[in-house]
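Trainee: mind folding the following:
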Amino acid sequence: LQPDDNSRLQPDDVFRLQPDDVIRMQPDDVFRLQADDVFRLQPCEDGSLTVHSALHDQCFHSSAGSILESRYIYLELGLKAYLSARQNAARREQADETARNEQAGETSRREQAEGVSVLEIGFGSGINALLCAIEFENARRNRICCDKPQTDLNSATSNCENATSNLNNALAFPEEIYFESIELYPIPEEIWSQLDYAPLLAASDSERNHRIDSERDHSINIDRDQIKVIFEKIHRAPWNQVCEILPGFKLHKRHEDILTFIPAAQYQVVFFDAFSPDCQPELWSKEVFAKIKEKLLPGAVMSTYSSK
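Mentor: Numbers count the residues shown, from 1 in each chain. A predicted model of the protein is given here:
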C-alpha cells in the first residue's frame with residue numbers, strides 16, 4: 001500500500017449525539033462513542049496484512065505476521081492446548097473404565113467430545129475466529145469421511161483406515177463450538193474486505209503434502225474460495241446475535257466494552273487479545289480478569305500475547 005491509500009478509507013459521514021442522548025450518558029461514554037478512529041492496512045513479514053488503529057496508535061498484530069501470531073498464540077496455545085489436555089484426561093478415564101469393564105465382562109462406551117465455549121476479548125480483524133472455524137470444519141469433514149458411500153470396497157476400506165488413523169492421531173475437536181467475541185471498535189467493511197487471508201491459508205493438493213509438520217499439522221483442506229466465504233460470513237454476521245457460521249460453529253459478536261460487558265456463557269477457552277497494557281491499562285486490571293475467571297469452567301485455558 002502507498003502511504004496515501006488510507007485517506008480514501010476515512011468515512012465521509014460525521015456523526016454526533018443528540019442532547020437527549022448525552023443526558024443519559026456519562027461524559028466519558030460520550031467520548032468513547034465518537035467515531036474518531038481511522039484504520040489503515042499494514043503489511044506483515046509473513047505476507048499477511050494487519051490493521052493499524054490511529055486512535056490507539058497500535059497495530060492489531062505483531063509485525064512478524066497476523067496469521068503467525070494468531071495461529072501460535074490463540075489456536076495452538078489456546079484452543080488446541082485445551083483440547084489436548086481434555087483429550088488426555090478423557091483417555092486416562094477411558095483406560096480406567098476399560099480396565100474396570102474388562103474385569104466385569106462389559107463393553108466400554110465411547111462418548112462424543114462435548115462442545116467448547118470460547119471467549120475472545122478483542123474481535124479485531126476476525127482472524128482468530130477464522131482460524132478456529134477452519135480447524136473446526138476440517139475436523140468435521142474428517143469425521144464424516146467414512147460415512148460417504150464408496151463403490152470400490154478396497155478403496156473404501158483404505159480411505160476409512162486412513163481416516164481412522166488420522167482421527168486417532170489428531171485432536172478430538174468437538175462437534176459444537178460457541179465463539180463469543182467482544183469488540184468496542186469494529187473495523188469497517190472497507191478494511192476487512194481487503195484482509196485477504198485465503199491465499200495464505202489455502203493450499204493446493206501438492207502443497208499440502210509439504211506443509212505437514214512433524215509435531216503439528218497445519219495443512220488446510222478447504223480451498224481459498226471456501227475460506228473467503230467463511231471470513232465474509234464472520235464479518236457480515238450481525239452484532240449482538242448468535243449466528244451459525246458453519247454447521248455446529250456458532251458466533252456471537254458483541255459490540256460492547258469489556259469493562260461493562262456481562263458474560264453470556266461459561267467458557268473453557270479465553271483469547272485475551274486487547275490492545276497492549278501500555279495502550280489500554282484499564283483492560284489489563286485485576287477486576288477484568290476476576291470477572292472473566294468467575295465464568296471459567298474447570299480446566300479452562302487463557303492465552304494472550306502479553307505477560308506485563
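
Trainee: and the pLDDT for the closest residue to residue 273 other than its chain neighbours?
Mentor: Closest residue in space to residue 273, ignoring its immediate chain neighbours: residue 122 at 3.9 Å, by Cβ to Cβ, 6 or more residues apart in numbering. (C-beta placed from N, C-alpha, C; glycine too.) With respect to pLDDT, residue 122 has a value of 96.

Trainee: over to the one 4 residues further on?
Mentor: Predicted confidence (pLDDT) at residue 126: the value is 97.

Trainee: what about it, distance to residue 56?
Mentor: 18 Å (Cβ to Cβ, to the nearest Å).

Trainee: please apply the same query to residue 81.
Mentor: Distance, residue 81 to residue 56, by Cβ to Cβ: 28 Å.

Trainee: how deep is the residue nearest to residue 273 tucked in, by neighbour count?
Mentor: For residue 122, the neighbour count with other Cβ atoms under 10 Å is 21.

Trainee: just residue 245 next, same as before
Mentor: Residue 245 is flanked by 23 other residues according to other Cβ under 10 Å.

Trainee: that one is in what secondary structure piece?
Mentor: Using DSSP states H and E, residue 245 maps to strand 242-246.

Trainee: how about residue 252?
Mentor: Taking DSSP H and E as the definition, residue 252 sits inside strand 249-254.

Trainee: can you list contacts of that strand?
Mentor: Counting contacts by Cβ atoms under 8 Å, 6 or more residues apart in numbering, the residues outside strand 249-254 that touch it are 123, 129, 132-133, 136-137, 176-183, 234, 237-245, 261, 264.

Trainee: repeat that for 6 Å
Mentor: Applying Cβ atoms under 6 Å, 6 or more residues apart in numbering, the contact partners of strand 249-254 are 133, 136, 177-182, 237, 239-240, 242-245.

Trainee: the helix or strand that that strand is followed by - contacts with which helices or strands?
Mentor: Sequence-wise, the next helix or strand downstream of strand 249-254 (DSSP H and E) is strand 267-272. If contacts are counted by 3 or more Cβ pairs under 6 Å, 6 or more residues apart in numbering; DSSP states H and E, strand 267-272 sits against strand 116-121, strand 296-304.

Trainee: can you do 8 Å?
Mentor: Helices and strands touching strand 267-272, by 3 or more Cβ pairs under 8 Å, 6 or more residues apart in numbering; DSSP states H and E, are helix 80-104, strand 116-121, helix 286-293, strand 296-304.

Trainee: out of those, deepest packed?
Mentor: Neighbour counts (mean count of other Cβ atoms under 10 Å) averaged over each of the helices and strands packed on strand 267-272 peak at strand 116-121, with a mean of 24.

Trainee: residues near residue 57, how many?
Mentor: 9.

Trainee: try residue 196
Mentor: Per other Cβ under 10 Å, the neighbour tally for residue 196 reads 14.

Trainee: pLDDT value on it, please?
Mentor: At residue 196, the model reports a pLDDT of 89.
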